[in-house]
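Student: Just to be clear, the model below is a prediction. Sequence and coordinates:
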Amino acid sequence: MLDTSKPPTLLDTAAAAQVLGLQPRTLEHWRSKRRGPAFIRLSATRVRYALDDLESWLQARTDTPYPPEYEPATDDRTPDR
């Protein structure tokens, strides 16, 4: 069921691209290839992105250099001075 207590913040392509640090054309290309974040097609020419969807899409692509349990090994090759 749709939660109407807080309507979603909807952004046009230019604003969504700015949030993501992309060019609007990139989002347009991704839409044509069915890639990228979820979008809402309001009409043949009007597309909107929910801010929550953009944040979720970014979070799903966030990577860390090492898993939390990883401890870098000490470098024993460095000579003592």
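Tutor: Received it, and whenever you're ready, just let me know what you need. Numbering: from 1, shown residues only.
Student: Tell me where this protein is predicted with low confidence.
Tutor: For the chain, applying pLDDT under 70 flags the ranges 1-3, 67-68, 71-81.
Student: longest strand of it?
Tutor: Assignment by DSSP state E gives strand 47-50 as the longest strand of the chain.
Student: which other helices and strands contact that strand?
Tutor: Judged by 3 or more CB pairs under 8 Å, 6 or more residues apart in numbering; DSSP states H and E, strand 47-50 is in contact with strand 10-11, helix 13-20, strand 40-41. The C-beta positions use only the backbone N, C-alpha and C, and glycine is treated the same way.
Student: Just the CA trace of it, in PDB.
Tutor: Output of strand 47-50 as PDB, limited to C-alpha atoms (Å, rounded to 0.1, in the frame of the first residue of the first chain):
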ATOM      1  CA  VAL A  47      10.300  11.500 -16.200                       C
ATOM      2  CA  ARG A  48      10.900  11.900 -12.500                       C
ATOM      3  CA  TYR A  49      13.200  10.200 -10.000                       C
ATOM      4  CA  ALA A  50      12.300   9.600  -6.400                       C
END
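Student: Quick one, which of the helices and strands packed on strand 47-50 gets closest to residue 52.
Tutor: Comparison of those against residue 52 by CB to CB identifies strand 10-11 as nearest, at 10.1 Å.
Student: What strands line up against that closest one, and which way round?
Tutor: Strand 10-11 has its sheet partners listed here by DSSP bridges as strand 47-50 (antiparallel).
Student: Tell me which stretches of the protein form helices.
Tutor: For the chain, applying DSSP state H gives helices covering 13-20, 24-32, 51-60.
Student: show me the residues around the most centrally placed residue in the chain that make contact.
Tutor: Centroid-nearest residue in the chain: residue 58, 2.5 Å away (criterion: CA atoms, centre = their mean). Contacts for residue 58 (CB atoms under 8 Å, 6 or more residues apart in numbering) come out as residue 20.
Student: Likewise for residue 20?
Tutor: Contacts for residue 20 were tallied using CB under 8 Å, 6+ apart; they are 27, 37, 54, 58.
Student: Hmm, the first one is touching residue 11, no?
Tutor: In this case it means residue 27. No: the pair residue 27 / residue 11 is not scored as a contact, 10.3 Å apart, by CB atoms under 8 Å.
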